[in-house]
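> What follows is a predicted structure for the sequence shown.
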Amino acid sequence: MNEQAEKILAVSGSALKMVGDTASKALNVSKAYANRAKEEMELRRKFYELGKICYEMYSSGSDETGNIKAKIEEIKKAESRIDITKEHTGASRRCPVCGAANIYSNSFCSKCGSNL
Ligand SMILES: [Zn+2]
């Protein structure tokens with residue numbers, strides 16, 4: 001194989017690798033979005049259940065608050081899972097310098113230019 005052909009192969013090989021890397025990053029981001037949508041649905045369901053527990057307690061005149069406490073703990077856990085997925089969907093990558101919200105894929109802050 002001549003030198004020219006080897007160079008072309010090397011360049012196209014690294015270009016293909018770049019395309020592959022970008023595609024897998026995009027796939028990971030869309031997986032994170034799907035995961036977050038699922039978590040948010042789960043969170044809404046928990047709020048509904050909490051409302052139902054309160055309603056039933058109020059209707060029956062009960063003052064047993066254990067179920068409410070347990071449901072609130074579940075909600076807190078669900079909320080912290082959503083915070084984690086937000087980091088992967090780019091919803092909130094805060095600039096350490098100015099505090100601006102940046103897209104997750106940004107390397108630099110869109111407001112002040114600092115390293116993220
Ligand atoms: Zn900034």
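Arrived safely, thanks for sending.
> Contact residues of this protein facing the ion?
Selection of the chain residues close to the ion by Cβ under 5 Å from the ion yields 95, 97, 98, 100, 109, 111, 112, 114. Bear in mind the C-beta positions are built from the backbone N, C-alpha and C, glycine included.
> surely the fourth one meets residue 112?
Meaning residue 100. Yes. Applying Cβ atoms under 8 Å, one finds residue 100 in contact with residue 112, separated by 6.9 Å.
> The two - which one has more neighbours?
Higher neighbour count among residue 100 and residue 112: residue 100, with 14 against 11, using other Cβ atoms under 10 Å.
> how about the spatially closest residue to that one that is not a sequence neighbour, secondary structure?
Spatial nearest neighbour of residue 100, excluding adjacent residues (Cβ to Cβ, 6 or more residues apart in numbering): residue 111 at 3.9 Å. For residue 111, the assignment made with DSSP: H, G, I helix; E, B strand; the rest coil gives coil.
> picking up where we left off before, so among the residues of the chain next to the ion, which ones count as buried?
Neighbour counting over these (16 or more other Cβ atoms under 10 Å) leaves 95, 109 as the buried ones.
> Relative to residue 24, which of the residues of the chain next to the ion is nearest.
Comparing the residues of the chain next to the ion against residue 24 with Cβ to Cβ places residue 109 closest, at 25.4 Å.
> What backbone torsions are found at that closest one?
phi -60, psi 130 (degrees, to the nearest 10).
> Identify the residues contacting the closest residue to it other than its chain neighbours.
Counting by Cβ to Cβ, 6+ apart, residue 109 lies nearest to residue 95, which is 4.0 Å off, once chain neighbours are set aside. Counting by Cβ atoms under 8 Å, 6 or more residues apart in numbering, residue 95 makes contact with 101, 102, 109, 111, 112, 114, 116.
> and residue 95, what pLDDT?
Residue 95 is assigned 87 on the pLDDT scale.
> do the same with the one 10 residues further on
We note a pLDDT of 72 for residue 105 in this prediction.
> what do you get for residue 91?
58.
> now residue 63
79.
> So what does it look like in phi/psi?
phi -120, psi 30.
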